[in-house]
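>>> how does the following fold in three dimensions:
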Amino acid sequence: MIWKEMKQKDISVSDIAAALEISKTKAQEMLNAATIDILTLVRVSEFLNYNFFSYYESGKVFSKIELQEKKRLTAEVDRLKALLTEKNKALELQERLNKIQLSTISLLEKGQFR
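The predicted structure follows:
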């Protein structure tokens, strides 16, 4: 896939090597390897302005990961909403306590100056 994009965009192994700041030999080995490091693939994708991950986005593995991540995030949102509700209740109680304290202080001051 990478070779195809390189050919279409007339990009050489030397160009890839320079972009990734690696030797031409290392770039050649990387391009001929059966696997590639994800971070390297990200950098190659950025350099070639092509999303090589799109081939895998519709696969079952990503669907399961997306579903699990969605469930995890939904649970986290629910937890945060509950915390926010509790925080708001605590703030309301604090405001009521402040009003009562101000009222008490006012009554004490009135009694003190009579």
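
>>> what residue ranges in the protein score low on pLDDT?
Residue ranges of the chain with pLDDT under 70: 57-62, 113-114.

>>> and the strand or helix carrying S63, how far out from the chain middle?
Using DSSP states H and E, S63 sits within helix 60-112. On the basis of Cα atoms, centre = their mean, to the nearest Å, helix 60-112 sits 24 Å off its chain's mean C-alpha point.

>>> kindly report the same for stretch 21-39.
For stretch 21-39, the distance to the chain centre is 27 Å (Cα atoms, centre = their mean).

>>> just the buried residues of it, please?
22, 27, 30 (16 or more other Cβ atoms under 10 Å). Where C-beta positions appear, they are placed from N, C-alpha and C, glycine not excepted.

>>> same deal with stretch 7-26?
11, 13, 15-17, 22.

>>> and stretch 71-91, by the same measure?
So for stretch 71-91, nothing qualifies as buried (16+ other Cβ under 10 Å).

>>> do the same with stretch 44-58
Applying 16+ other Cβ under 10 Å to stretch 44-58 flags 44-45, 47-48, 50 as buried.

>>> nearest to L80, of the residues you listed?
S45 (33.1 Å; Cβ to Cβ).

>>> quick one, domains of this protein?
According to automatic domain parsing, the chain comprises the domains 1-56, 58-114.

>>> what about the shortest one, start to end distance?
Think domain 1-56. 13 Å (Cα to Cα, to the nearest Å).

>>> centre of the chain versus that domain, how much separation?
25 Å.

>>> all further residue positions should be reported with the first residue as 751.
Happy to do that; since the first residue is 751 now, the last one works out to domain 751-806.

>>> if we can go back for a sec, which members of the buried residues of stretch 757-776 are positioned in strands?
In this view, the buried residues of stretch 757-776 have no member that belongs to strands under DSSP state E.

>>> distance to Q862 added to these, as TSV?
Shown next, in TSV, are the buried residues of stretch 757-776 (distance: Cβ to Cβ, whole Å):
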residue	distance to Q862
I761	85
V763	89
D765	85
I766	83
A767	84
I772	81
